[in-house]
Each structure stands twice: as C-alpha cells, then as structure tokens.
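Trainee: return a 3D structure for these sequence lines:
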Amino acid sequence: MSLVVCRSGGHERIVMTTRDIKLPGVHNVENYMAAIAAVDGLVPDQVIRTFAREFGGVEHRIELVRTYHGVRFYNDSIASSPSRTIAGLRSFKEKVILIAGGYDKHIPFDVLGPEVVEHVKLLVLCGATAGKIRAAVEQAPGYRPGHPEILDVTPFQRAVETARDRAVPGDVVTLSPACAAFDQFRNFMERGKTFKAMPGWGSHFDYAVFTSGDDSVGRTVCSMACVALNAAKVYYEEKHDKGSFIKNIISDNILISDIYMRAKELHVAAEVPRGVFVIRPVDDRSEAIPVDVVQNMFPDRQNDFVLSVGDDDVALIHQMPENSCGKDLEKVAASIEEALRVDGESVVFVGIGTLALHLRDLAKAYKEAQIAIEVGKVFDTERYVINYENLGIGRLIYQLPTTLCEMFLQEVFKKNPIDALDQETLFTIYKFFENNLNVSETSRKLFVHRNTLVYRLEKIKKLTGLDLRQFDHAIVFKVALMVKKYLTSRGIDA
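Mentor: Numbering: from 1, shown residues only. This next block holds a predicted model:
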C-alpha cells in the first residue's frame, strides 16, 4: 500500500492511499495526483477520497461492469489497438482472463504477444484476427503451451460466456480486444454495451427502474437512475465479496484489526476450523490447473473458496468439521490430487498448511502450504501430497543459508567428500536407514550376507569417519545427506 501525499508551502499531508483509488493501474494513480494538485485548496480531501473510492471510470475504458461470484468484469472495449490493450493489461496486478480479437485492420500484433504471456492466464479469442493474435502469442519469448491457455470461441457472446464460466473467485475478466469492432458490431461502443448486457449473469433481475412519463425527460431520468443503481450495486458487490476478502487475508493485504470488522460485515465465521491447500503443477510446462474441477468438488461458495494465486497456483480454503486433524486434511488433499490425475499419472502437488482455527491464521497456513511443496520437492520427491507438519528436519534445513550448509558438509566429511561414495554404497546406506539401523534386516532386504553388509559399513566408516551402526553417527550422516540434496536443488556442487 502506498500513500498519495500533497506537499504545498513547505507542508505536506496524506490525501489518501492507493487502495482508495477504485480504478486499476499506476497511470490512474498519476492522473489523481495531477487532479489533486489542480484542485488543492479548493476541494476537501474527504471529498477526493470518497470520489476515488466510488468512481468506476468512463464507459468502455477499463470500466468495472460488475463483480459476479467473486470475479471482476471490466469493459475496455475502446482498446481497438495492441498498444491500448497493453496499457489495460498493465493496469492489473494479477494475471487476467482476456477476451480479444475483432476486425482485421492489417496491423501487426508482435508487440502484444509478450505482454499477453506476462499478464494473461487465459486468452479467449474471437473475430477475424483470432489466428493472428494466437500466432503472435505462441511465437513470443517465454511462451509455453498452456501458459497462457488459448481458446478460439465464436461468436462473441459465447466467448464472453466461456470467460465467465472459466473464471473463479478472485479472477479478473477484461474485454480488451486490441482490434476494431466492425466485423461483428457497428462500433466499439456497441461491442462494450453487448458485453455489459450479456444474459445469464444470474437467474433473477437485480433491480428494475420505473419513472412516470413517456417523454424524453422521463427516459433520461430513468437512464440516470439505472446507471446510479448499477454503480451502487457494483460497488457493494466488490466491497462485500467473500472471495476477495479471503484472498486479501492469505495475501497479507489486510490488517488484522480489519479482519474482524470485515468478517462481521460479510457474515463470515471467524472461529471455525479451515484447511488451507495449495495446488501447483508438477511440471512448469504442464497445462494450467482445471480450476472448475476443484470448484465442483467444493461447491459451497459460502464456506469454501477456490482462488487463483500467483502464476500457476490455486489455493483452496475449505471449512473442516469440528475436531479435524492432520489426517483429515491429508484425505482432502489426496482426493484433489486423484481428481486431477491425467491418464492415471499425478500432475499436481498439493501442499497442506496447519489447520487454521481462526481467520487470522489463514495467511500463516497458506505460507506453510507453499513451503510444504517447496521442501517436499527437495526431500521427498516421490510424494505429491505434502503436509507441512510432516516435513521434519527438512523444514529447518531449507531455511538455512547455503554457505552454512557447505561449511557443515566440509566439517562432517573431513576425510573425503560425500561424492566419494558410489551409487551402490549410497543405496546400501538408504536401505540401512529404512530398516532402522538393523544389520540383519537390511542384509535380508538387500539379499546379501550379513558379513558383506558389515564389510560395506566398515568401508563407509573408513571413507567418512562415521560408523553408521552408532546412532549419533547415523543421525549426522542422515542430516548430511539431506543438506547435500538441498544444495543440489539450489544448483550448488558441494
């Protein structure tokens, strides 16, 4: 959060914060700064703040149309060139769902491609230029199949419906076509109005406006009242959206003192057990996570929240039954991992944070779920469901400075570096640890004579100075192996 400060006559005062500005984008912050300088001393700061919080922008220019099921929809239909669409995309902090394409003015889209790769999570194309925009994105530096996902959908109405249906709470959908509208509409204004008036946003009317009279004055009054009511409705929905509230909590974008007040306003129970799960693709080149599958598994949108966070992650905040424990969380995570498998193969990691017993604990549990995935990928490569509470000493090692880890390995392996051990010897060591340092059981599992195993352990002692049959030496060696794994994951050869 940044402050907008006015300095005049050697004095300075805080006019508002950037959070007070409803319009997205740094350029709108700069516009307000210029306007504040122009009216300094003429308009009270409170009036400026109120206006900034309520003004949704000029029609068709990154205009917030509505918040529907926690998704914000923006009408930027005036963006009829790549440069205007680029400016619109840069206005949002998160990756957006972009609806683009239209009349072909025979202009290049090369500059648009990299911006779409950087700022868009789902690209929905329609119109005559769909193929050209797709080619520009797929040829852009940094593009990987599925990042962003690209869909060709016609006609325009279906494209909007597709974007709406694929969005999850916390997402932004913006109509910013980068093209003129003449292939399907008379002008950009008709295109924007069609986007705003799309049917199917809900199964009921939100409100109806009636005025007395059938002349032009009555029509004007009716239209003005409709615009005012719609603006009030959009502001209310944005302010009272539970999904955005939960996302702000896990992202640490809300003060702890404000959590209680907002929870009361939104009728969100503060003290109920909730599980926090982070779902992340196993491979960076994998397709995007099918959020709709996760949403369908947890359809209670009043108590369960499926949120897109970061570039590829999906967070699930799931209300758990009373007296739930770590095993209950693991059952939920396992069901998610199984539901998202492709051809029987695991394609996602599911990280689990500790059970959050209060809303204020969600941010901590979310960070723990992220750490669980990061640490698990290093120390437990065969698991796809990773519980933070089960990370053990790996959690500590992951937070150590790499220089300290290198010093530890040098101290432990004074005679020879750990790389002096061949793969067969390392395999023997792992089996010895798996069987709780039991020589007889390990030799049986390795199908070798007991004396052969003793000979190998003596060889290890000679190379490293550590006798793995002694508990203290075994612990040191086990930790050293984990430290080595950690350094290797960081690209350090120690």
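
Trainee: every contact and neighbour count from this point should use C-alpha atoms.
Mentor: Noted.

Trainee: which residues does the most centrally placed residue in the chain bridge with?
Mentor: When C-alpha atoms, centre = their mean is applied to the chain, the residue found nearest the centroid is Val309 (1.0 Å). Using DSSP bridges, the bridge partners assigned to Val309 are Asp313.

Trainee: got a pLDDT number for it?
Mentor: Turning to Val309, the model gives it a pLDDT of 83.

Trainee: what residues does whichever helix in the chain runs longest touch?
Mentor: Longest helix in the chain, counting residues (DSSP state H): helix 216-239. With C-alpha atoms under 8 Å, 6 or more residues apart in numbering as the contact definition, helix 216-239 has outside contacts at 54, 56, 64-68, 70, 72, 208-213.

Trainee: mind checking how far it is from the chain centre?
Mentor: 33 Å (C-alpha atoms, centre = their mean, to the nearest Å).

Trainee: could you point out which element follows it?
Mentor: Toward the C-terminal end, the helix or strand that comes next after helix 216-239 (DSSP states H and E) is helix 242-250.

Trainee: that next one - contacts with which helices or strands?
Mentor: Helices and strands touching helix 242-250, as assessed by 3 or more C-alpha pairs under 8 Å, 6 or more residues apart in numbering; DSSP states H and E, comprise helix 256-266, strand 305-309, helix 362-379.

Trainee: 6 Å - rerun?
Mentor: Of the remaining helices and strands, those touching helix 242-250 by 3 or more C-alpha pairs under 6 Å, 6 or more residues apart in numbering; DSSP states H and E are helix 362-379.

Trainee: count of residues packed around Thr154?
Mentor: Using other C-alpha atoms under 10 Å, Thr154 has 15 other residues around it.

Trainee: how close does it sit to Val160?
Mentor: 9 Å (C-alpha to C-alpha, to the nearest Å).

Trainee: the closest residue to Val5 other than its chain neighbours: which element?
Mentor: The spatial neighbour of Val5 that comes closest, neighbours along the chain excluded (C-alpha to C-alpha, 6 or more residues apart in numbering), is Ile14 at 4.5 Å. If you go by DSSP H and E, Ile14 is part of strand 11-17.

Trainee: any buried residues in that strand, and which?
Mentor: Neighbour-count burial for strand 11-17, counted by 16 or more other C-alpha atoms under 10 Å, picks out 15-16.

Trainee: mind listing what's buried along the helix or strand following that strand?
Mentor: Going down the chain from strand 11-17, the next helix or strand is helix 26-39, by DSSP H and E. For helix 26-39, the neighbour count (16+ other C-alpha under 10 Å) marks 28-29, 32, 36 as buried.

Trainee: quick revisit: tell me the pLDDT of the residue nearest to Val5.
Mentor: According to the per-residue confidence, Ile14 scores 90 in pLDDT.

Trainee: number the chain from 23, please
Mentor: Sure, I'll start numbering at 23, so the last one becomes Ile36.

Trainee: distance check, it against Gln492.
Mentor: 66 Å.

Trainee: just to revisit the earlier point, separate out the buried members of the contacts of helix 238-261.
Mentor: Among the contacts of helix 238-261, those scoring as buried are 76, 78, 86-90, 92, 94 (criterion: 16+ other C-alpha under 10 Å).

Trainee: out of these, flag the one nearest to Glu137.
Mentor: Closest approach between the buried ones among the contacts of helix 238-261 and Glu137, by C-alpha to C-alpha: Arg94, at 20.5 Å.

Trainee: contacts for the one helix or strand Gly214 maps to, please.
Mentor: If you go by DSSP H and E, Gly214 is part of helix 210-218. Applying C-alpha atoms under 6 Å, 6 or more residues apart in numbering, the set of residues contacting helix 210-218 from outside is 82, 99-100, 203, 207.

Trainee: then stretch 172-188?
Mentor: Residues lying outside stretch 172-188 but in contact with it, judged by C-alpha under 6 Å, 6+ apart, are 145-148.

Trainee: dump the buried residues of helix 48-61 to a markdown table, plus pLDDT and distance to Phe327.
Mentor: What follows is the buried residues of helix 48-61, written out as a markdown table (pLDDT from 0 to 100; distance: C-alpha to C-alpha, whole Å):
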| residue | pLDDT | distance to Phe327 |
| --- | --- | --- |
| Asn50 | 84 | 30 |
| Val51 | 88 | 31 |
| Tyr54 | 90 | 34 |
| Ile58 | 91 | 39 |
